[in-house]
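> predicted structure and sequence below. I'll ask about it afterward.
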Amino acid sequence: MNSYGKILHKEIAVKKLFKDAYIESSVQYNIIEVTNKDGIALISGVDFSNKKKLFEFNSEIGVKSDEHLIKLHFSLDGSYSYQPMSHIKYLVQIPENHCNMFYYPTTEGRDVFLSSNAKVFEVYIKPDLLQKLMGSDYESLFGKLQEAITNSNSFVLWDKSKFIPPQLRGKINEIIQCPYKGPIRKRYLESKLTVLLIDFLKDRHTAKISNNNVKLLNSDYLALVKVEAHIRQNLKNSLKILDLAEIAGFNTTKLKRDFKKVYGVTVFKYITALRMEEAKSLILQEGATIAFAAYEVGYANPQHFTTAFKRTMGYLPSELKPANK
């Protein structure tokens, strides 16, 4: 690895970061993308205090902040880790399609991107806002975080980062794909960020998983991660339980049982949820027709897709289209 003095640096000036922030000027988000071109890793979405939009780098970025912050990190594509310089044993590892939240009393650390192609969604929060958002639930949910802040200790929400549920990923996409400009954009994003934060902080979509003591061999867990990645990368194709079991090296019974333990739903429901979120993104972001979106997520019959979408999302895909179209 590069020495700290030779890697790219970004400096977070909290006053500047929250200048145009959301929710009582205490929440800001950022999107970082890493792409590989001709064998060279390039990064965008990071402010290195100069006018360039794209930077060549070698996986690591030194990070400094003039105040302590809480960070929610979502690895949408590729894997990521963070290591504070003065607390090196508190390495936070966030694999692809996983998320976590952390706080460090130190203001100097290192972002490491473990893939030449990556996309992350990160949210910075001022600590004082959490108590307002959580209300009476704050002490029971985040007593350990408050204790860490009070005693200037490090805090990581989960020892092992959790996967991003399709519903939560859908909320992130709605923020990234915000269709509005001007004053309405700020109101829209404040609303979407509030819902995202509350769902994440109260662990709404992963509470069942988090509260269960899932006992699996690490090799079995990694096999399930491999299956989940295959599902996300092949939504357009036929995804059969027998084929997925072969990828995992399990029999079908073990795959179905252990997948539900880790992801909280059956394999079939997980695939359907991912397909519907992807279709929604295609319709909203790219203006795709319902028939095209259906085909892109593996449905040859648009009517079958519409039925599945309504059952999963609670409304018809046609409701995503403007009334005049």
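Noted; the coordinates are in hand. Quick caveat, the model's predicted, so the values are computed rather than measured.
> list the buried residues for the top strand by length along the chain?
As assigned by DSSP state E, the longest strand anywhere in the chain is strand 27-37. With burial defined by 16 or more other Cβ atoms under 10 Å, the residues of strand 27-37 counted as buried are 27-29, 31-34. (Glycine included, C-beta is placed from N, CA and C.)
> which other helices and strands contact that strand?
For strand 27-37, the packing partners by 3 or more Cβ pairs under 8 Å, 6 or more residues apart in numbering; DSSP states H and E come out as strand 40-44, strand 118-125, helix 183-201.
> looking at those, which one is packed in the most?
For these, the largest average neighbour count (mean count of other Cβ atoms under 10 Å) is found in strand 118-125, namely a mean of 21.
> what segments of this protein are strands?
Going by DSSP E, the chain shows strands at 8-12, 27-37, 40-44, 55-56, 60-65, 70-77, 80-84, 92-94, 98-103, 108-113, 118-125, 155-156, 162-163.
> packing partners for the fifth one?
Taking 3+ Cβ pairs under 8 Å, 6+ apart as contact, the helices and strands that strand 60-65 lies on are strand 8-12, strand 108-113.
> which helices and strands sit right next to the last one?
Of the remaining helices and strands, those touching strand 108-113 by 3+ Cβ pairs under 8 Å, 6+ apart are strand 60-65, strand 80-84.
> that one to strand 40-44, inter-axis angle?
Strand 108-113 runs at 120 degrees relative to strand 40-44, counting by axes from the mean of the first three to the mean of the last three Cα atoms, to 10 degrees.
> output strand 108-113 as PDB, restricted to C-alpha atoms.
Only the C-alpha atoms of strand 108-113 are listed here, as PDB (Å, rounded to 0.1, in the frame of the first residue of the first chain):
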ATOM      1  CA  GLU A 108      -8.000  11.500  10.200                       C
ATOM      2  CA  GLY A 109      -8.400   8.200   8.400                       C
ATOM      3  CA  ARG A 110      -8.200   6.300   5.100                       C
ATOM      4  CA  ASP A 111     -10.900   5.300   2.600                       C
ATOM      5  CA  VAL A 112      -9.900   2.200   0.600                       C
ATOM      6  CA  PHE A 113     -11.800   1.100  -2.500                       C
END
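> give me the contact list for that strand.
4, 7, 34, 41, 43, 59-65, 78-86 (Cβ atoms under 8 Å, 6 or more residues apart in numbering).
> of those residues, buried ones?
So, by 16+ other Cβ under 10 Å, the buried ones in the contacts of strand 108-113 are 7, 34, 41, 43, 59-63, 65, 78-84.
> list the buried residues in stretch 9-19.
10, 12, 14, 17-18.
> CA atoms only: put stretch 275-291 into PDB for me.
In PDB, the C-alpha atoms belonging to stretch 275-291 read as follows (Å, rounded to 0.1, in the frame of the first residue of the first chain):
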ATOM      1  CA  ARG A 275     -36.400  -7.100 -10.100                       C
ATOM      2  CA  MET A 276     -39.100  -4.600  -9.200                       C
ATOM      3  CA  GLU A 277     -36.700  -2.100  -7.800                       C
ATOM      4  CA  GLU A 278     -34.600  -2.400 -11.000                       C
ATOM      5  CA  ALA A 279     -37.700  -2.000 -13.200                       C
ATOM      6  CA  LYS A 280     -38.700   1.100 -11.200                       C
ATOM      7  CA  SER A 281     -35.300   2.600 -11.700                       C
ATOM      8  CA  LEU A 282     -35.400   2.000 -15.500                       C
ATOM      9  CA  ILE A 283     -38.900   3.600 -15.800                       C
ATOM     10  CA  LEU A 284     -38.100   6.600 -13.600                       C
ATOM     11  CA  GLN A 285     -34.400   7.300 -14.500                       C
ATOM     12  CA  GLU A 286     -34.200   6.200 -18.100                       C
ATOM     13  CA  GLY A 287     -37.800   6.700 -19.200                       C
ATOM     14  CA  ALA A 288     -38.200   3.100 -20.200                       C
ATOM     15  CA  THR A 289     -41.500   1.800 -21.300                       C
ATOM     16  CA  ILE A 290     -43.200  -0.700 -19.000                       C
ATOM     17  CA  ALA A 291     -42.700  -3.500 -21.600                       C
END
